[in-house]
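any chance you could fold what I've pasted below:
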Amino acid sequence: MHPQISINTLCLPAAPFGAHAEAVARLGARGISPGVAAVLECGVAETARTIRDTGLDMATMTHLSFGYATPDAKAEARERLLRTIGIAAEIGAQSVIMTTGGRGDLSWGDAAEAFADAMAPCADAARAAGITIGIEGTSHLYSDVSIAHRLADTAKLARMAGISVMLDTFACWFDSDIEAAIAEAGPLIGLVQVSDYVYGDRGLPCRAVPGDGASRLDRIIPAIVATGFAGYYDLEVIGPRIVAEGAEAGLRRAADFIGGLLGNKD
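Sure, this is the predicted structure:
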């Protein structure tokens, strides 16, 4: 399996982190990407031991949503994220991925400024700890937890806040300016999440195995490579399609497809 491929544990049937780590190692991926809740459930020390024993990298750790729309939300969000950054440093995670948080009654511009201001001490803490912290774009259907949807807007927010872009192809493959946005965001990209979309799917989550859908990953992945990005391509294939096929089979196909675009290095 290509060494730049990691697997998000959301792809796998529900299980303790240790079982997920064993499954990812068995599949042959180098990196794993759990949520912070799974790490806390397993225990920070036990998670670190499991990572060492399986020889995996923790490509990223999902923090879920930030917050900034009110003073109370900002204070609580900072506290939670600083705690997550500390956990990430302790277990050797390379990055932390999250959504921005919703804007409440704020305009987009005011929300962007509020987000950048609220994020400042957390961005400083992440840099001091050697952790990449970044935001991912989402569907507009998640606007309660995000103001980042188009890749260009995600990059603008990341630049304002002094953090990274976690490029989710599912959220931006259809952007009208996707090639230009990738080139512009290139220096900010800390991780790439990969899945596909099949025309006609209407209900989330509806992600497909890369190569099965319409996302033109054969254009998007080379465009990302051309920016000089050399980090992890995190498989995040969730929904009924991979459940029906079986996670192991679907993830092997996904890894083969993305590895082929990257130039397989088994």
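
now stretch 235-248: how far from the chain's centre is it?
Averaged C-alpha coordinates place stretch 235-248 at 17 Å from its chain's average position (CA atoms, centre = their mean, to the nearest Å).

can you tell me the SS state at Ile238?
Judged by DSSP: H, G, I helix; E, B strand; the rest coil, the three-state class of Ile238 is coil.

got the contact list for it?
Ile238 is in contact with 10-11, 195, 205, 207, counting by CB atoms under 8 Å, 6 or more residues apart in numbering. Any C-beta I mention is one placed from the backbone N, CA and C, and that applies to glycine too.

same list (those) but as JSON lines, adding distance to Ala45, secondary structure and pLDDT.
Compiled in JSON lines, the contacts of Ile238 are given as follows (distance: CB to CB, whole Å; DSSP: H, G, I helix; E, B strand; the rest coil; pLDDT from 0 to 100):
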{"residue": "Leu10", "distance to Ala45": "24", "secondary structure": "helix", "pLDDT": "97"}
{"residue": "Cys11", "distance to Ala45": "26", "secondary structure": "helix", "pLDDT": "98"}
{"residue": "Ser195", "distance to Ala45": "32", "secondary structure": "coil", "pLDDT": "98"}
{"residue": "Pro205", "distance to Ala45": "32", "secondary structure": "coil", "pLDDT": "95"}
{"residue": "Arg207", "distance to Ala45": "33", "secondary structure": "coil", "pLDDT": "98"}
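
how about the strands in the protein?
5-8, 31-33, 57-58, 61-65, 95-99, 132-136, 164-168, 189-194, 233-235 (DSSP state E).

hmm, Thr132 is touching Gln94, no?
Yes: here Thr132 lies in contact with Gln94, judged by CB atoms under 8 Å, at a distance of 6.3 Å.

now do the shared contacts for the two.
Both Thr132 and Gln94 lack any common contact, where contact means CB under 8 Å, 6+ apart.

now Ala148: phi and psi?
For Ala148, the backbone dihedrals (degrees, to the nearest 10) come out as phi -100, psi 110.

that one - nearest residue in space that isn't next to it in sequence?
Thr154 (4.1 Å; CB to CB, 6 or more residues apart in numbering).

now do the one you found, the pLDDT please.
The model reports Thr154 with a pLDDT of 98.

burial of it, as a residue count?
The number of residues packed near Thr154 is 28, by other CB atoms under 10 Å.

what's the most buried one of the strands of the chain?
Ranked by mean neighbour count under mean count of other CB atoms under 10 Å, the strands of the chain are led by strand 233-235, which reaches a mean of 29.

what mean pLDDT does stretch 54-61 have?
Looking at stretch 54-61 alone, the average pLDDT works out to 98.

over to stretch 239-257?
Mean pLDDT, taken over the full extent of stretch 239-257, equals 98.

stretch 21-30 too?
97.

dump the C-alpha coordinates for that stretch into CSV.
The C-alpha trace of stretch 21-30 is given here as CSV (Å, rounded to 0.1, in the frame of the first residue of the first chain):
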residue,chain,number,x,y,z
ALA,A,21,-5.4,-0.2,14.9
GLU,A,22,-5.0,-3.9,14.3
ALA,A,23,-7.3,-3.7,11.3
VAL,A,24,-5.5,-0.8,9.7
ALA,A,25,-2.1,-2.5,10.2
ARG,A,26,-3.5,-5.7,8.7
LEU,A,27,-4.7,-3.7,5.6
GLY,A,28,-1.2,-2.4,5.2
ALA,A,29,-1.8,1.3,5.6
ARG,A,30,0.9,3.3,7.4
